[in-house]
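Engineer: A structural model of the following input is requested.
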Amino acid sequence: QVQLVESGGGLVQAGGSLRLSCEVSGRTFSSYYMGWFRQAPGKEREFVSRIHWSRGSTYYADSVKGRFTISRDNAKNTVYLQMNSLKFEDTAVYYCAYAAAFGWSPPERYDYWGQGAQVTVSS
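Structural biologist: Got it, this is the predicted structure:
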């Protein structure tokens with residue numbers, strides 16, 4: 001069982017910045033991914049970014065590339081999503097998620113999810 005607890009989020013003006021945090025606890029695989037997803041009202045959940053915990057390799061959706069940065073702190077067992085140059089269309093509930101990693105393939109599914117953090121960008 002893996003537990004994910006998110007923090008951060010809030011209200012920010014367009015062009016501003018926010019940072020989301022997600023603390024990971026429980027029984028994790030020796031190799032795993034942490035991902036960030038978001039879901040805007042009336043829309044499907046979409047992938048934002050992921051990081052391989054031990055390798056540190058990252059991947060971003062085109063919509064956030066160059067503006068968002070995913071990182072992790074091994075000592076704190078926490079993954080972060082730094083969001084800069086925020087746009088109105090970034091408004092959504094953001095979720096962190098965990099997926100066991102097998103080889104070099106990206107995860108097919110994420111098995112554990114955080115509770116979600118609201119990010120609202122005013123135009």
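Engineer: now the residue nearest the centre of the chain, what's its secondary structure?
Structural biologist: Of all residues in the chain, the one closest to the mean position by Cα atoms, centre = their mean is Trp36, 2.3 Å from it. Secondary structure of Trp36, reduced to three states by DSSP: H, G, I helix; E, B strand; the rest coil: strand.
Engineer: Quick check: phi and psi at Glu89.
Structural biologist: Main-chain dihedrals, Glu89, degrees, to the nearest 10: phi -70, psi 0.
Engineer: what sits against it?
Structural biologist: When contacts are counted by Cβ atoms under 8 Å, 6 or more residues apart in numbering, Glu89 is found next to Ala40, Ser63, Val121. Any C-beta I mention is one placed from the backbone N, CA and C, and that applies to glycine too.
Engineer: any idea how far Ser54 is from it?
Structural biologist: In this structure, Glu89 and Ser54 are separated by 33 Å, where distance is defined by Cβ to Cβ, to the nearest Å.
Engineer: Same question for Val5.
Structural biologist: Distance of Val5 to Ser54, computed by Cβ to Cβ: 21 Å.
Engineer: how close does Gln3 get to Cys22?
Structural biologist: Using Cβ to Cβ, we find Gln3 at a distance of 10 Å from Cys22.
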